[in-house]
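Student: Need coordinates for the following:
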Amino acid sequence: MATMNTKTFLFCLCAASILVPAAAIADGLKLTPVPAAMPKAVGVPTPSALSPELIQTPVATGAMALENPSKNFAYYGFAANGPLVPGANAVQSKDNLVEATKTEPDKNTYLVMSGLTGPDAGYDYGTHFIFQGHEVGVAAADGKAQGYLTRINLDADVWHRVTLLGETATDGNPLPPVDGSTWDPFARRLLLSVEDVSKGGIWQASTDFPARIDNLTGVIGVGGYEGIQVDKDGTVWIVEDSGGKTGANAKHAKQPNSFVYRFIPKDKTDLLKGGRLEALQVMDAKGEPVTFHDGKADDDIMAAGVKDIHTYGLALKTKWVTVHDTDKDGIGPFSANTAAKAAGATPFKRPENGLFRPGSDFSEFVFDETGDTNADTEAGQAYGGFGAVLSLKQASASAMEGELRLVYLGDAEHTGFDNLAFWSADQVMFVEDRGDGLHAQKNALDSGWVIDLAADYAKDGTLPVRFLAEGRDPLATIDSGLAALKDAGFQNEGDNEITGIHISDGDASPEGLLGAKVPTPFENGWRFFYTQQHGENVTFEVFRKANVLKTAAK
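Tutor: Next up, the predicted model:
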């Protein structure tokens, strides 16, 4: 996309309601599109811009002290291994960090629950909570990566606002750094996904204090799991984010290497009892399965089936193939990614997250692909180099066959799709994770987009609506400048990233599963959260500005 100087950008932002049309969203609320992404400027912090109908406020900040800090973790967004801001004349080395490790609180899960306690036995923690795993950890005593689980107590004061629920599993091993989370109302457990193809998987945790955390890799497998949701039958749907190899000829593109799974438990109230893991297989336009070919990265990057997946108007047949069955294969860790390839499942271009479409009775699953996050990708649009939004429709949640269609094909301006949240039955919000490299290539920081499932994006001129142009906070700006110290052991990310977008009424019953109800944002208890990861690591709640102004006027 074309770049613009700061003066021009500010003019466009102020004139947004004049220069661009408003997009109808939910229940008559119209969002004015933000006209451009925020530019990336060396040494310059940049404010974020929301559609002017929206306003946000922090509910937790990275520097907020945990009410019960541990040896490893002292703050909501920082480990206990250094200062929060580099000191004067500080010198970075692998043994002397100029900054504490940013722990990167990731996906948000909002729940309304009564009776939850914490480390202060005499304190009333309220009934409204956000649960989060943290994407980055520290080295534990045994050398393994140590992560942690936190709970934001939305009704609590600052001294009790963030509780450390746990950092060790029941098997005695550290909880690894966590990427995704969701609530399983049948097992009454949080499900936590760990995005590491060789060490990742699913862990489950109770919501009480301290949390009981169980390792499920022996049941659901080891994999680069990130997106995770539960359907009305208690089946767990998992989206894997495992980057593939670059090609010998396509040096800026990656081989599709990630799968979409579902786990059918033997007992939906107790996942530890085992079950069957399946992976999605997609047929190309000729009816042949689209599969992974070891040692043929270039062929897979430019495969006809990959192009079909990223072609408007095609309805590609799908079926589920068995990857692992604990009744036959036993309980014990196994590589889900390897088993999916052996079973002939279809690899995707990093499909990070997915949700069930509200009102579909869990028969439609919408998920995204991040793509190559490189402006020079040889895959281009045609082969999914810039990512995509895809829809899987089945007769029912448990059906074995279905159809996959392309909803939106990413391009250089709309790319790096990661987390998502439904805003209405038809409209879904996607946020980007482009990464520092693509930020620099396009001089554009991340954006949040509204994509309409009822729109025809194959038509010229039909585009998603930008509702958020993320800026860069002061600490992320410092970290971006310190990136040159990577060889000296500097461990923190640079530019901010949008993550954890979450719209929910917090209903912890099966009727409250994401996708069971059509959302009514800002009404009937529905709340809207997201996290500005990296830098200051702030989690925001978003409000309808008119509601805030009305309340303030009373």
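Student: just the strands in the stretch 101-250 of the chain please.
Tutor: Here the stretch 101-250 of the chain has its strands, by DSSP state E, counting those that start in this stretch, at 109-112, 128-133, 138-139, 145-146, 149-153, 162-166, 180-184, 189-194, 201-205, 213-215, 225-230, 236-240.
Student: what about the nearest residue to His252 once chain neighbours are set aside, how many neighbours?
Tutor: Nearest residue to His252 in three dimensions, chain neighbours excluded: Asp376, at 4.2 Å (C-beta to C-beta, 6 or more residues apart in numbering). (Glycine included, C-beta is placed from N, CA and C.) Number of residues near Asp376 (other C-beta atoms under 10 Å) recorded here: 13.
Student: For Asp376, pull up the helix or strand it's in.
Tutor: Secondary structure assignment for Asp376, by DSSP states H and E: no helix or strand.
Student: In this structure, where is pLDDT below threshold?
Tutor: 1-28, 554 (pLDDT under 70).
Student: Tabulate the strands of the stretch 101-250 of the chain (JSON lines), appending mean neighbour count and distance to Gly535.
Tutor: Formatted as JSON lines, the strands of the stretch 101-250 of the chain follow (neighbours: other C-beta atoms under 10 Å; distance: least, C-beta to C-beta, whole Å):
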{"stretch": "strand 109-112", "mean neighbour count": "21", "distance to Gly535": "22"}
{"stretch": "strand 128-133", "mean neighbour count": "25", "distance to Gly535": "17"}
{"stretch": "strand 138-139", "mean neighbour count": "17", "distance to Gly535": "18"}
{"stretch": "strand 145-146", "mean neighbour count": "20", "distance to Gly535": "21"}
{"stretch": "strand 149-153", "mean neighbour count": "24", "distance to Gly535": "18"}
{"stretch": "strand 162-166", "mean neighbour count": "25", "distance to Gly535": "18"}
{"stretch": "strand 180-184", "mean neighbour count": "24", "distance to Gly535": "21"}
{"stretch": "strand 189-194", "mean neighbour count": "26", "distance to Gly535": "23"}
{"stretch": "strand 201-205", "mean neighbour count": "25", "distance to Gly535": "27"}
{"stretch": "strand 213-215", "mean neighbour count": "20", "distance to Gly535": "28"}
{"stretch": "strand 225-230", "mean neighbour count": "27", "distance to Gly535": "21"}
{"stretch": "strand 236-240", "mean neighbour count": "26", "distance to Gly535": "26"}
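Student: and Lys319, which of those is closest to it?
Tutor: With C-beta to C-beta as the criterion, Lys319 lies closest to strand 236-240 of these, at 15.5 Å.
Student: Quick check: next helix or strand after the closest one?
Tutor: Heading C-terminal from strand 236-240 (DSSP H and E), you reach strand 260-265.
Student: That next one: which residues count as buried?
Tutor: Counting neighbours by 16 or more other C-beta atoms under 10 Å, one finds that the buried residues in strand 260-265 are Val260, Tyr261, Arg262, Phe263, Ile264, Pro265.
Student: which of these sit farthest apart?
Tutor: Val260 and Pro265 (17.6 Å).
Student: the helices in the stretch 1-150 of the chain, which residues?
Tutor: 6-14, 16-19 (DSSP state H, counting those that start in this stretch).
Student: just the stretch 251-400 of the chain next, same as before
Tutor: 297-301, 304-309, 326-329, 336-342.
Student: quick one: contacts of the first one?
Tutor: When contacts are taken as C-beta atoms under 8 Å, 6 or more residues apart in numbering, the neighbours of helix 297-301 outside the stretch itself are 244-250, 253-256, 292-293, 306, 347, 378-379, 383.
Student: Could you do the last one as well?
Tutor: Outside helix 336-342, the residues that touch it by C-beta under 8 Å, 6+ apart are 197, 201, 220-225, 240, 242, 257-259, 261, 277, 279, 291-292, 294, 321, 323-324, 347.
Student: can I have it written out in PDB, keeping just the CAs?
Tutor: The C-alpha trace of helix 336-342 is given here as PDB (Å, rounded to 0.1, in the frame of the first residue of the first chain):
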ATOM      1  CA  ALA A 336      -0.300 -34.900  15.500                       C
ATOM      2  CA  ASN A 337       1.300 -33.100  12.600                       C
ATOM      3  CA  THR A 338       3.200 -36.200  11.400                       C
ATOM      4  CA  ALA A 339       0.100 -38.400  11.900                       C
ATOM      5  CA  ALA A 340      -2.100 -35.900   9.900                       C
ATOM      6  CA  LYS A 341       0.400 -36.000   7.000                       C
ATOM      7  CA  ALA A 342       0.400 -39.800   7.100                       C
END
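Student: For that helix, buried residues please.
Tutor: For helix 336-342, by 16+ other C-beta under 10 Å, it's Ala336, Asn337, Ala339, Ala340, Lys341.
Student: Check stretch 243-261 too.
Tutor: Neighbour-count burial for stretch 243-261 [16+ other C-beta under 10 Å]: 243-247, 250, 253-261.
Student: need the contact list for the residue lying closest to Asp171 once chain neighbours are set aside.
Tutor: Excluding its sequence neighbours, the residue lying closest to Asp171 (C-beta to C-beta, 6+ apart) is Asn215, at 5.4 Å. Contacts for Asn215 (C-beta under 8 Å, 6+ apart) come out as Ala169, Thr170, Asp171, Asn173, Gly201, Trp203.
Student: ok, Asn215 to Ile202 distance?
Tutor: Distance of Asn215 to Ile202, given as C-beta to C-beta, to the nearest Å: 8 Å.
Student: do the same with Ala211
Tutor: 15 Å.
Student: Could you do Gly62 as well?
Tutor: When Gly62 is compared with Ile202 (using C-beta to C-beta), they lie 26 Å apart.
Student: just Val407 next, same as before
Tutor: With C-beta to C-beta as the criterion, Val407 and Ile202 are 27 Å apart.
Student: still on that earlier bit, mind putting the strands of the stretch 101-250 of the chain into CSV with distance to Ser504?
Tutor: As requested, the strands of the stretch 101-250 of the chain are exported to CSV (distance: least, C-beta to C-beta, whole Å):
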stretch, distance to Ser504
strand 109-112, 5
strand 128-133, 10
strand 138-139, 30
strand 145-146, 29
strand 149-153, 14
strand 162-166, 19
strand 180-184, 9
strand 189-194, 14
strand 201-205, 18
strand 213-215, 22
strand 225-230, 12
strand 236-240, 17
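Student: No more questions from me, cheers.
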